[in-house]
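Undergrad: Sequence first, then the predicted structure, then my questions.
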Amino acid sequence: MTEKAKYIISVIFIAFIGIFGILFWVLPQSDFSPKEKRYLQSFPHVSLDTLTDGSFETKFENYINDHMVMRDTFMGINSYSNLLMLNNGSDGVYRCSDGYLINKPAKNSRLNLNLSVTEDFKKKTGIDTTLMIVPSTGFILEDKLPYIHEDYNDDSYLNTIKSRCNQSGMSFIDLRNTFSNSKNTVQIFYRTDHHWTTEGAYLAYEELCKNWNIKPKDKRAFSVEEHKDFYGTTYNTSALWLNCADTLEIWNNRSNKSTCEITSGGSTAKYSTMYFRQQLEGADKYSVFLNGNNPVTTIKNSDNKGKGKLLVIKDSFSHCLAPFLSENFEQITLVDMRYYKRSVSEEICQKTKYDKVLVCMGMDNFLEDKDFGFLE
């Protein structure tokens, strides 16, 4: 390479860095990333403490990364480059057939501990307790996975859960056969999100009713609203921006007049609906169900007087399941222990007499949840 060519390359490189540096400070910066569905790092506070303990340096680096010019474009280029280099799953998400983006399997770090806490909770409260742990997408849709992938050990985990439930007198809802037998005719999981679809939740609702010996609400009672252009968590994580969107469905029984109370930040707000359609205009459309993640949500159906009260220990899989459950119970209280940091057995079960407890979570969360100790 000639000296002139080296000079030209150096000038181009310096100009590139300079232009991007200027644009970084001149262009307006957003606090929230719609594609990643998260708040971006703000400019860190400068003080003697933050400068000496290293926190300023860490947060400033995150600030630069989060607000880099054309960040979404470069993230997409990186993700598709990884695919070209046969590094599928580099961001924790596999690009699969039929447009599915599926999380890599979670690690079993707390399964036995969380089962023990659940068993102790059942003994302490004496309430009839049922576990319904949703198999992972990659386990049910193994035929969609890339040729090279990590193993999904749901069979082993669910067999352990089933055995422990049998030993402790808890009920276990095994969705493996139901989902495996239906996966070719029903879209059980979203293509761009880790949650089950509303129809997948209805299949689980039917299995739950069968176990509890109650009659599920017939599918024909629900009108189906379709909302297109739904992009979920696996889409956001993968940065595979060319993936096609999903269709999110709301199954609404207009004769169900259930009300919803949401407790968060020490206050409770009451609503006349379980569906928060304003969320469909935002970045997180899945929050249309129960207004997203909150510590405590209570659903009351005045038409079901005397039909019992249900306590659900949940993650966000329960959000589109809850409206179905409201067809069969007078009251449903949903507690998310990622946000509720007090004893469920003492603070909630002492105030209300519940007829049943349902632990309903996705496999990934149940394997790794560190907040289950708050059950007791």
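TA: Alright, I've got the coordinates.
Undergrad: and the nearest residue to residue 337 once chain neighbours are set aside, how many residues sit next to it?
TA: Nearest residue to residue 337 in three dimensions, chain neighbours excluded: residue 371, at 4.2 Å (Cβ to Cβ, 6 or more residues apart in numbering). Bear in mind the C-beta positions are built from the backbone N, C-alpha and C, glycine included. Using other Cβ atoms under 10 Å, residue 371 is surrounded by 15 other residues.
Undergrad: go on, residue 309?
TA: Residue 309 has 17 neighbours, counted by other Cβ under 10 Å.
Undergrad: I'd say it and residue 329 touch.
TA: Yes: counting by Cβ atoms under 8 Å, residue 309 does reach residue 329; the two are 6.4 Å apart.
Undergrad: For stretch 115-134, what is the distance to the chain centroid?
TA: 22 Å (Cα atoms, centre = their mean, to the nearest Å).
Undergrad: Now that stretch - C-alpha only, CSV.
TA: C-alpha atoms of stretch 115-134 as CSV (Å, rounded to 0.1, in the frame of the first residue of the first chain):
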residue,chain,number,x,y,z
LEU,A,115,-40.0,-26.5,44.8
SER,A,116,-39.0,-26.7,48.5
VAL,A,117,-40.3,-23.2,49.2
THR,A,118,-43.6,-24.1,47.4
GLU,A,119,-44.0,-27.3,49.5
ASP,A,120,-43.4,-25.3,52.7
PHE,A,121,-45.9,-22.7,51.6
LYS,A,122,-48.5,-25.3,51.0
LYS,A,123,-47.9,-26.9,54.5
LYS,A,124,-47.9,-23.5,56.2
THR,A,125,-51.2,-22.3,54.6
GLY,A,126,-53.0,-25.6,54.1
ILE,A,127,-54.4,-24.4,50.8
ASP,A,128,-55.0,-26.7,47.9
THR,A,129,-52.0,-25.9,45.6
THR,A,130,-51.4,-26.6,41.9
LEU,A,131,-48.3,-26.1,39.8
MET,A,132,-48.6,-25.4,36.1
ILE,A,133,-45.1,-24.7,34.8
VAL,A,134,-45.2,-23.9,31.1
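Undergrad: buried sites along it?
TA: Neighbour counts over stretch 115-134 (16 or more other Cβ atoms under 10 Å) mark 115, 117-119, 121-122, 125, 127, 129-134 as buried.
Undergrad: Helices along this structure, start to end?
TA: Ranges of helices in the chain, per DSSP state H, are 3-26, 48-52, 55-66, 71-84, 111-125, 137-140, 154-168, 176-182, 198-212, 233-238, 322-325, 344-347, 363-368.
Undergrad: what residue is smack in the middle of the chain?
TA: With distances taken as Cα atoms, centre = their mean, residue 316 lies nearest the centre of the chain, 5.1 Å away.
Undergrad: Mind picking the two most distant members of the buried residues of stretch 115-134?
TA: Spatially, the most separated pair among the buried residues of stretch 115-134 is 125 and 134, at 23.4 Å (Cβ to Cβ).
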